[in-house]
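> this one's structure only:
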């Protein structure tokens, strides 16, 4: 899944008083370092299971922060070719 709104996630964590360590543990990670990288924008993808666990822990729908990633390339524009003269 792709993290679509890291600022909203960070704000909700702040409002609810949830630390990175707590949320990482809820996601099933042994360390909070990957969550820190997500929040900083160093990475933006994660597996479905941790995304669902994070949303459940915060009491929100997964659509609030995450979007399923597409491997088909839908929505990506292909380079245009020049027409033959």
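Great, that's in hand. Remember, it's a predicted structure, so these values are computed and weren't measured experimentally. Numbering: from 1, shown residues only.
> mind giving me the packing neighbours of the helix or strand of the chain with the lowest mean pLDDT?
Least confident helix or strand, the chain: strand 66-67 with a mean of 88, by mean pLDDT, DSSP states H and E. Counting contacts by 3 or more C-beta pairs under 8 Å, 6 or more residues apart in numbering; DSSP states H and E, strand 66-67 packs against strand 2-3. Where C-beta positions appear, they are placed from N, C-alpha and C, glycine not excepted.
> any stretches of this protein with poor pLDDT?
Counting by pLDDT under 70, the chain contains low-confidence residues at 70-85.
> would you map the helices across it?
6-16, 20-27, 33-40, 48-58 (DSSP state H).
> could I get the ones you listed as a markdown table with distance to residue 64 and mean neighbour count?
Conversion of the helices of the chain to a markdown table gives the following (distance: least, C-beta to C-beta, whole Å; neighbours: other C-beta atoms under 10 Å):
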| stretch | distance to residue 64 | mean neighbour count |
| --- | --- | --- |
| helix 6-16 | 7 | 14 |
| helix 20-27 | 14 | 18 |
| helix 33-40 | 15 | 16 |
| helix 48-58 | 7 | 17 |
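> could those go into TSV alongside distance to residue 65?
Listed next are the helices of the chain as TSV, based on distance: least, C-beta to C-beta, whole Å:
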stretch	distance to residue 65
helix 6-16	5
helix 20-27	11
helix 33-40	10
helix 48-58	7
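> which one of these lies nearest to residue 66?
helix 48-58 (4.6 Å; C-beta to C-beta).
> no further questions, thank you.
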